[in-house]
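Novice: build me a structure from this.
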Amino acid sequence: MEIEFCPICEEDIELTEIRCKENIKVRGELFQVDAHYYRCSGCGEQFETSNSDHDSLAEAYRMYREKKSMLFPFQIKEFRHKYELTQKELTALLGWGAITLSRYENGALQNLSHDRELQEANTSAGLLKLIELTPDALTEEKRERLRSILLSERGARNSFLFKLDSGLSKVQPGMTNGFQRFNLEKYFGAVEFFCSKGGVLKTKLNKLLFYADFVHYKNNQVSITGSRYAALPYGPVPNDYKKLLAVLEEDLSIIETREVIFPGDYVGEKHVALSTTNIDSLSELELSTLETIDTFFNGMNSTEIADFSHKEKGWKETGRAELISYKYAESVSLSD
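Specialist: All right, here's what the predicted structure looks like:
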């Protein structure tokens with residue numbers, strides 16, 4: 001019991017602290033969050049106190065952003081500050097309403113369309129494009145200075161791709177990569193293959209890559225791409241998938257992200273292949289494995305394939321965010 005002010009009784013009175021779980025719906029999806037409030041011993045009402053530092057809705061928003069791979073408010077601010085843009089300038093570049101950006105930076109949940117625009121702007125190529133399309137958004141001096149910075153960054157980005165490839169391929173062949181050094185061309189080829197048939201949602205793409213590598217290892221004692229897979233809450237994913245997808249879309253224009261509207265106004269992001277040149281790096285045997293995986297999971301949506309992957313022994317017995325050993329490939333079965 002604590003003595004606090006009750007806004008109903010309008011006096012200091014004993015309050016009981018309540019901590020529990022509650023479900024909050026965000027855009028049609030339920031998220032279980034920690035709830036923290038007080039119950040008055042006098043009137044029996046429940047409420048939050050003015051000194052409470054817990055915000056259940058903000059926590060639900062955090063979980064939603066994490067699930068949808070959306071930007072967080074602090075990341076939006078960091079991006080704007082990095083290039084010394086005012087809210088007014090960035091709003092003008094994006095073509096948004098005057099207060100929209102301010103609301104997002106202060107915690108309001110952005111819609112997926114605006115999030116995609118922000119993520120695209122948060123790249124050298126994307127911001128350069130906005131500057132060219134909206135020349136009046138910045139002064140001439142600021143526009144030229146920013147162009148110089150962004151062009152320099154783009155050159156450094158090509159160096160980053162080399163370093164990323166070198167770093168991933170340095171991992172010695174073993175049970176974490178299916179006894180195959182990471183092969184950037186084969187990884188890009190597998191992504192192109194799965195995204196070339198009308199596109200695929202990100203969650204499903206990550207699972208398709210996992211099953212392709214693990215099934216190929218099971219049958220041939222070697223993986224296709226040499227990727228390492230982490231056991232995350234929504235199933236196995238390539239360990240560096242965010243960096244690799246960014247390179248595929250932002251630097252090489254091999255894929256692009258498009259919005260998809262599902263029943264109930266649910267908005268998803270689908271990766272669509274713009275190129276298929278890297279598919280040539282795959283052998284006939286590897287392509288056969290990809291065809292098998294694509295055919296088996298053809299009728300499953302992202303939720304269904306994620307649930308399917310949760311049945312895998314490798315995912316169940318590996319700690320969250322830890323790497324899944326290819327020793328579990330033996331237990332992988334393409335059957336319900």
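Novice: just give me the longest strand of the protein.
Specialist: Counting by DSSP state E, the longest strand found in the chain is strand 11-26.
Novice: what lines up beside it in the sheet?
Specialist: strand 2-6 (antiparallel), strand 29-40 (antiparallel) (DSSP bridges).
Novice: hey, which of those strands is tucked in deepest?
Specialist: Ranked by average neighbour count under the criterion mean count of other CB atoms under 10 Å, the strands paired with strand 11-26 are headed by strand 29-40 at a mean of 16. For glycine as for every other residue, the C-beta is placed from the backbone atoms N, C-alpha and C.
Novice: C-terminal to that one, what's the next element?
Specialist: Read in the C-terminal direction, the helix or strand following strand 29-40 is strand 46-47, with elements assigned using DSSP states H and E.
Novice: quick one: mean pLDDT over that following strand.
Specialist: Strand 46-47 shows a mean pLDDT of 76 in the predicted model.
Novice: and it, what does it pack against?
Specialist: Other helices and strands packing on strand 46-47, by 3 or more CB pairs under 8 Å, 6 or more residues apart in numbering; DSSP states H and E, are strand 29-40.
Novice: which residues touch the strand it packs on?
Specialist: Outside of strand 29-40, the residues within contact range by CB atoms under 8 Å, 6 or more residues apart in numbering are 2, 4, 6, 8-9, 13-25, 45-49, 52, 54, 56, 59-60, 63-64, 67.
Novice: CA-only coordinates of that strand in CSV, if you can.
Specialist: Extracted as CSV, the C-alpha positions of strand 29-40 are listed here (Å, rounded to 0.1, in the frame of the first residue of the first chain):
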residue,chain,number,x,y,z
GLU,A,29,-3.3,-6.7,-34.2
LEU,A,30,-3.1,-7.6,-30.5
PHE,A,31,0.0,-7.1,-28.4
GLN,A,32,0.4,-8.2,-24.8
VAL,A,33,2.1,-5.5,-22.8
ASP,A,34,3.0,-4.9,-19.1
ALA,A,35,0.3,-2.8,-17.4
HIS,A,36,1.0,-0.7,-14.3
TYR,A,37,-1.7,1.2,-12.4
TYR,A,38,-3.2,1.8,-9.0
ARG,A,39,-6.4,0.9,-7.2
CYS,A,40,-7.9,3.2,-4.7
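Novice: what about it, distance to the chain center?
Specialist: The chain centroid and the centroid of strand 29-40 are separated by 26 Å, computed with CA atoms, centre = their mean, to the nearest Å.
Novice: now stretch 274-283
Specialist: On CA atoms, centre = their mean, the centre of stretch 274-283 falls 24 Å from the chain's centre.
Novice: now stretch 328-336
Specialist: Using CA atoms, centre = their mean, we find the averaged C-alpha position of stretch 328-336 to lie 26 Å away from the chain's own average C-alpha position.
Novice: buried ones in the longest strand of the chain, by neighbour count?
Specialist: Under the neighbour-count criterion of 16 or more other CB atoms under 10 Å, strand 11-26 has 13, 15, 24, 26 buried.
Novice: what bridges to the first one?
Specialist: Bridge pairing for Ile13 (DSSP bridges) gives the partners Glu4.
Novice: if I pick it, what's in contact with it?
Specialist: 3-6, 40-42.
Novice: Glu259: what's it in contact with?
Specialist: Under the criterion of CB under 8 Å, 6+ apart, the contact partners of Glu259 comprise 112-113, 116, 267-270.
Novice: neighbouring strands - and their directions - for the strand or helix carrying it?
Specialist: Under the criterion of DSSP H and E, Glu259 resides in strand 255-262. The sheet places strand 255-262 alongside strand 266-273 (antiparallel), with pairing taken from DSSP bridges.
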